[in-house]
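A.B. asks: what follows is a predicted structure for the sequence shown.
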Number of protein chains: 2
Amino acid sequence: MNIGMAAKRSGLTVKTVRYYANIGMVVPAQDGRTGYRDYSEDDVARLQFIGKARRFDFSIDECRELLSLYDDQDRSSSEVKALTLEKIKAIDAKLAELQSLRDQLNFLAKTCHGDNRPDCPILDALKGG
Amino acid sequence: MNIGMAAKRSGLTVKTVRYYANIGMVVPAQDGRTGYRDYSEDDVARLQFIGKARRFDFSIDECRELLSLYDDQDRSSSEVKALTLEKIKAIDAKLAELQSLRDQLNFLAKTCHGDNRPDCPILDALKGG
DNA sequence: GCTTTACCTTCCCCTTGGGGGAGAGTTTAT
DNA sequence: ATAAACTCTCCCCCAAGGGGAAGGTAAAGC
C-alpha cells in the first residue's frame, strides 16, 4: 500500500513515516519505476509498534532496541523488562525534578501579591543570589 | 570583563553566553579593535537572572519577557505572577502526562515475568491494537 | 481524451538551546 | 621569543520531525 494509507493505518503522519524510512527504522519496498514506497502489513504493524512506544516516551533509539527485541524470536522477556524499568526510572527522575520546580514556583507565586505595585518577589528571587 | 569571566560569574558556559549575545538577550559592549566582548556588572546580573529562570524551566522567549518586566521599573507584579502561574499550569500538565505514562509502564513491567522465556506482555502491549 | 485533483517523490530550511571544533587573532606568562 | 590560554567568527551537529517548493503519477470526472 502507499505511504498515505500506511500513515493512516498506523496513526502517524506521512512525514513521520517517511522519516522512519529515511533513518532505516521501517524501510518498505519501493516501486522501481515511480519510486513510490510500498508498505506491507508487517511494515504497518511495525509502524504501529513504534507509534505506541513513542507515546510511551521511548526515544527513537530505544524504539530501535525494542524493535530488534520484537523481531528476535529468541529474546528473553527480561531484556524488555530491563529497558522498561530504566525508562520508568528516567520518568521518575523527571517527575521529581518537575515537582520540585513546581513547588518553588508555587511558593513564589503565593508570596507575590500580584497587584499593580512594581515590587515583585518572583523577580527578586530570580535576581538575588 | 571578558566573556570567560562573565560565564564563570554567571554559572553559564562561554558558548551559552555567546549565544545569548547573538540572539540579543544580553548584548555586551564590544572592543572595536579586538572584537572582544566586554561584560559589565549589570550584564552579569542579567546573565544570572536568565540562568535562574532557565533552571525554573522558562523558555528563552519567556526569559525575554521576564527580563523586560525586570527592566521595566513601572511594571506591575501581576504580570510576572501571571507568567509564573501559566508556567505552573504547563508543568502540572506535563506532570500528569508523565504520571500516567509511568503508571502504564509500571503496570506492564509488573505483569512481565522478566525471565528467559521469549513471551513478553510489554511487547504484546506495544504490538496489539 | 483531457483536465482537475489528490498523491507521491526528493530537497531544503526551520524549530530549541546550545555543543564541538576549525582556523585565526590576542593576551599573558615564562 | 614562544608557548599557553583566551577570544573571535563560521560552520556543522543533536531530536524528531514540520512546512513547503518543484515536479512526477494516478484516479476520477466530464
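C.D. replies: Happy to help now that I have it.

A.B. asks: and the longest helix belonging to chain A, how far out from the chain middle?
C.D. replies: Secondary structure of chain A per DSSP state H: the longest helix is helix A:77-111. Relative to its chain's centre, helix A:77-111 lies at 15 Å (Cα atoms, centre = their mean, to the nearest Å).

A.B. asks: how about stretch A:66-85?
C.D. replies: The answer for stretch A:66-85 is 18 Å, by Cα atoms, centre = their mean.

A.B. asks: tell me if it is near DNA strand D.
C.D. replies: No - in terms of Cβ under 7 Å from any atom of the strand, no part of stretch A:66-85 sits within range of DNA strand D; the closest distance is 12.7 Å. For every residue, glycine as well, the C-beta is placed using N, CA and C.

A.B. asks: how about that stretch: buried residues?
C.D. replies: Buried residues in stretch A:66-85, defined by neighbour count with 16 or more other Cβ atoms under 10 Å in any protein chain shown: A:66-67, A:69-70, A:75-77, A:79-81, A:83-84.

A.B. asks: next, count neighbours for residue A:20.
C.D. replies: Residues contacting residue A:20 under the criterion other Cβ atoms under 10 Å in any protein chain shown number 22.

A.B. asks: give the contact list for residue A:12.
C.D. replies: If you count contacts by Cβ atoms under 8 Å, 6 or more residues apart in numbering or on different chains, residue A:12 has them with A:20, A:47, A:51.

A.B. asks: which helix or strand contains it?
C.D. replies: Of the helices and strands defined by DSSP states H and E, none includes residue A:12.

A.B. asks: one more: residue A:9?
C.D. replies: Assigned by DSSP H and E, residue A:9 belongs to helix A:3-10.

A.B. asks: pull that helix out as PDB, backbone CA atoms only.
C.D. replies: Presented in PDB, the C-alpha positions along helix A:3-10 are these (Å, rounded to 0.1, in the frame of the first residue of the first chain):
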ATOM      1  CA  ILE A   3       2.500   5.800   2.300                       C
ATOM      2  CA  GLY A   4      -0.700   7.700   2.900                       C
ATOM      3  CA  MET A   5      -2.600   4.500   3.700                       C
ATOM      4  CA  ALA A   6       0.300   3.200   5.900                       C
ATOM      5  CA  ALA A   7       0.300   6.500   7.700                       C
ATOM      6  CA  LYS A   8      -3.500   6.500   8.300                       C
ATOM      7  CA  ARG A   9      -3.400   2.800   9.400                       C
ATOM      8  CA  SER A  10      -0.600   3.500  11.900                       C
END
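
A.B. asks: anything in the helix or strand just after that helix near DNA strand D?
C.D. replies: Going down the chain from helix A:3-10, the next helix or strand is helix A:14-22, by DSSP H and E. Yes - if you take Cβ under 7 Å from any atom of the strand as the test, helix A:14-22 does meet DNA strand D, through A:15-16, A:19.

A.B. asks: what's around residue A:37, how many residues?
C.D. replies: Close neighbours of residue A:37, defined as other Cβ under 10 Å, add up to 19.

A.B. asks: which residues does it contact?
C.D. replies: Going by Cβ under 8 Å, 6+ apart, residue A:37 touches A:2-3, A:6, A:18, A:21, A:28-31.

A.B. asks: how many neighbours does whichever residue of chain A sits closest to DNA strand C have?
C.D. replies: The nearest approach of chain A to DNA strand C comes at residue A:4, 2.7 Å away (Cβ to the nearest atom of the strand). By the measure other Cβ under 10 Å, the count of residues near residue A:4 is 11.
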